[in-house]
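> just coords:
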């Protein structure tokens with residue numbers, strides 16, 4: 001599958017940040033395990049001339065999603081804090097599209113396409129096919145995949161390169177079913 005990656009494709013790496021990994025403020029179970037898989041995809045993208053997109057939550061300290069603001073989540077990925085940094089083992093390519101989302105206090109945002117220029121940036125590069133992995137499967141990955149499909153991109157979910165929060169048991173499987181029903185291709189092999 002990784003050998004299908006070609007120029008004109010993009011690998012979208014969703015929110016591989018310290019706060020979503022082991023020891024983080026909102027750690028996704030086994031979230032660290034996706035880094036190695038995504039690094040292989042990033043390396044292949046660099047080899048073949050595909051685009052890499054690195055996204056991150058970039059919350060102000062009073063973001064509406066935080067529990068002390070009435071939201072469901074602990075404070076996480078606060079701008080300019082260690083928890084908002086990319087995982088230290090994530091391969092950061094020399095050239096990439098960087099996307100910060102959920103940057104306004106009063107707007108929740110799970111999709112990397114909402115409130116950003118990502119869709120336009122990809123269309124400006126004539127990209128039509130996306131390979132998506134990251135954290136968390138049942139929130140930001142799900143929302144990004146669904147929005148990308150709505151914007152007309154062909155989307156492949158890299159299942160081994162994502163993990164779910166699972167606030168409710170089965171959330172990850174329900175997210176996969178929803179993405180599949182919307183037209184995503186679910187790739188079960190790691191490479």
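Looks like it arrived, so ask away. Just so it is clear, the model here is predicted, and its values are computed rather than measured.

> Can you pull out the low-pLDDT segments for this structure?
For the chain, residues meeting the criterion pLDDT under 70 lie at 190-191.

> The nearest residue to residue 148 once chain neighbours are set aside and residue 145: what is the separation?
Once flanking residues are discounted, residue 148 sits nearest to residue 155: 4.9 Å by CB to CB, 6 or more residues apart in numbering. (Each C-beta comes from the backbone N, C-alpha and C, glycine too.) Taking CB to CB, to the nearest Å as the measure, residue 155 falls 5 Å from residue 145.

> quick one: contacts for residue 126?
residue 8 (CB atoms under 8 Å, 6 or more residues apart in numbering).

> re the thing from before, residue 155 and residue 145 - which one has more neighbours?
Using other CB atoms under 10 Å as the criterion, residue 155 and residue 145 rank with residue 145 on top: 32 against 22.

> which element is that one on?
helix 142-150 (DSSP states H and E).

> Buried ones in the longest helix belonging to the chain, by neighbour count?
Criterion DSSP state H: the longest helix present in the chain is helix 34-48. Neighbour-count burial for helix 34-48, with 16 or more other CB atoms under 10 Å as criterion, is recorded at 34, 35, 37, 38, 39, 41, 42, 44, 45, 46.

> Please apply the same query to stretch 122-135.
Of the residues in stretch 122-135, those buried (16+ other CB under 10 Å) are 122, 127, 129, 130, 131, 132, 133, 134, 135.
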